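Trainee: My questions are about this predicted structure, shown below with the sequence.
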Amino acid sequence: MAAKTNPTVRRRRLGAELRRLRVASGLKSTEVAERLMVSQPKISHLENGNRAISPRDVRDLCVIYKVGDEQVIDSLMEMARESGQRGWWHPYGDLSGSAYIGLETDAATLRTHAPMMVPDLLQTPAYAQAVIGETIPRPTAEQAATHLKVLLRRQHRVYDLACPLRLWVVLDESALRRVVGGRDVMREQLEHLKALSAEPHITVQVLPYTAGAHPGLSGQFSILRFADSPEAGVVYLERFTSALYLEKPSDVRHYSVMYDHLQAQALTLDASRDFITCTARTYTDAAIQP
């Protein structure tokens, strides 16, 4: 089950609320920074959810923004206390994707377009190990083991039937054809993928080469939504050395429409399972040829 006080999500939502209060007060971030005697970048980091904020700073900001409702102030201060907590992933070190892990842990639904490889949450350990070994520059044995352990821990959201993550995946055909870790690993991965696609909370559609040009040609993206604010969402764009988090409603709507088009161009659920089965069979047939 997702943590009730996920620090990453609390920090981002608190930052968004503080930004809303600042805008409503008519103040610029530079003016707020001057009154608090801090740098303007600190205000930006707080509002973007990039760093934790103390309850005392929250109360000071509420004074500046003329927030008179004590219940609102207490709620914001509680969010500040929760945002300073540590997520389950923190003991594993300074992971580059820790912000995304925090969002994923708290998400109710996740829609992802996977153009190059099977998504992390649906990977077998052998497939994941091969990906880690080839995509992280010269990883040590300890680094590889840590990344694998964190990935497998993230997959708890998929297997927790008491509170499962509702997962939609549009998987490009190239992800099924690319041989990661060898043919035996691929056969196991595709059989695993087919089994998971039969679960009621997991939807997998294959986007075949014959679909031609489509909105996902620009790359991977994911759309996360949360149970306590289903109207809001976060679009996650992964890059090799960085990531983008888009939270403007217009951006979320834009990518949601893109995803709808991808699903419309992809094979149906039954056809996708058949496609995965046939592709898995090619790895088996190749293995038994003399």
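Mentor: Alright, I've got the coordinates.

Trainee: from what I can see residue 262 touches residue 217, true?
Mentor: No. Taking contacts as CB atoms under 8 Å, residue 262 lies outside contact range of residue 217: 10.2 Å. Every C-beta, even on glycine, is put in place using the N, C-alpha and C of the backbone.

Trainee: Compare the two (neighbour count), which wins?
Mentor: Legend: neighbour count by other CB atoms under 10 Å for residue 262 and residue 217, higher for residue 262 (22 against 9).

Trainee: on contacts alone, who are the packing partners of the helix or strand encompassing the more buried one?
Mentor: Assessed by DSSP states H and E, residue 262 sits inside helix 249-265. Applying 3 or more CB pairs under 8 Å, 6 or more residues apart in numbering; DSSP states H and E, one finds that helix 249-265 contacts strand 109-114, strand 166-172, strand 202-207, strand 221-226, strand 229-238.

Trainee: got TSV for those strands, with mean neighbour count too?
Mentor: Shown next, in TSV, are the helices and strands packed on helix 249-265 (neighbours: other CB atoms under 10 Å):
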stretch	mean neighbour count
strand 109-114	21
strand 166-172	22
strand 202-207	22
strand 221-226	21
strand 229-238	16
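
Trainee: Would you mind giving those as JSON lines with mean pLDDT and distance to residue 160 added?
Mentor: Below are the helices and strands packed on helix 249-265 laid out as JSON lines (pLDDT from 0 to 100; distance: least, CB to CB, whole Å):
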{"stretch": "strand 109-114", "mean pLDDT": "96", "distance to residue 160": "14"}
{"stretch": "strand 166-172", "mean pLDDT": "96", "distance to residue 160": "12"}
{"stretch": "strand 202-207", "mean pLDDT": "97", "distance to residue 160": "13"}
{"stretch": "strand 221-226", "mean pLDDT": "93", "distance to residue 160": "16"}
{"stretch": "strand 229-238", "mean pLDDT": "82", "distance to residue 160": "20"}
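
Trainee: Helices of the stretch 51-200 of the chain, residue ranges please.
Mentor: Counting by DSSP state H, counting those that start in this stretch, one finds helices in the stretch 51-200 of the chain at the ranges 55-64, 70-83, 98-106, 125-135, 141-154, 156-159, 173-177, 183-197.

Trainee: now, of these, which is deepest in the fold?
Mentor: Of the helices of the stretch 51-200 of the chain, the one with the most neighbours on average (mean count of other CB atoms under 10 Å) is helix 98-106, at a mean of 21.

Trainee: how many degrees apart are it and strand 109-114 in direction?
Mentor: If you take axes from the mean of the first three to the mean of the last three CA atoms, to 10 degrees, helix 98-106 sits at 130 degrees to strand 109-114.

Trainee: sorry, back to before: closest to residue 274 out of the helices of the stretch 51-200 of the chain?
Mentor: Across the helices of the stretch 51-200 of the chain, residue 274 has its closest neighbour in helix 183-197 (9.4 Å, CB to CB).

Trainee: Tell me the spacing between the nearest residue to residue 54 once chain neighbours are set aside and residue 232.
Mentor: In space, and not counting its chain neighbours, residue 54 is closest to residue 80: 6.3 Å by CB to CB, 6 or more residues apart in numbering. Using CB to CB, to the nearest Å, residue 80 is found at 20 Å from residue 232.

Trainee: same check, this time on residue 61
Mentor: 21 Å.

Trainee: give me the low-pLDDT residue ranges for this structure?
Mentor: 1-9, 84-87, 89-90, 93-96, 228, 230, 240-241, 285-290 (pLDDT under 70).

Trainee: One more pass at 50, please.
Mentor: Within the chain, the set of residues satisfying pLDDT under 50 comprises 1-5, 290.
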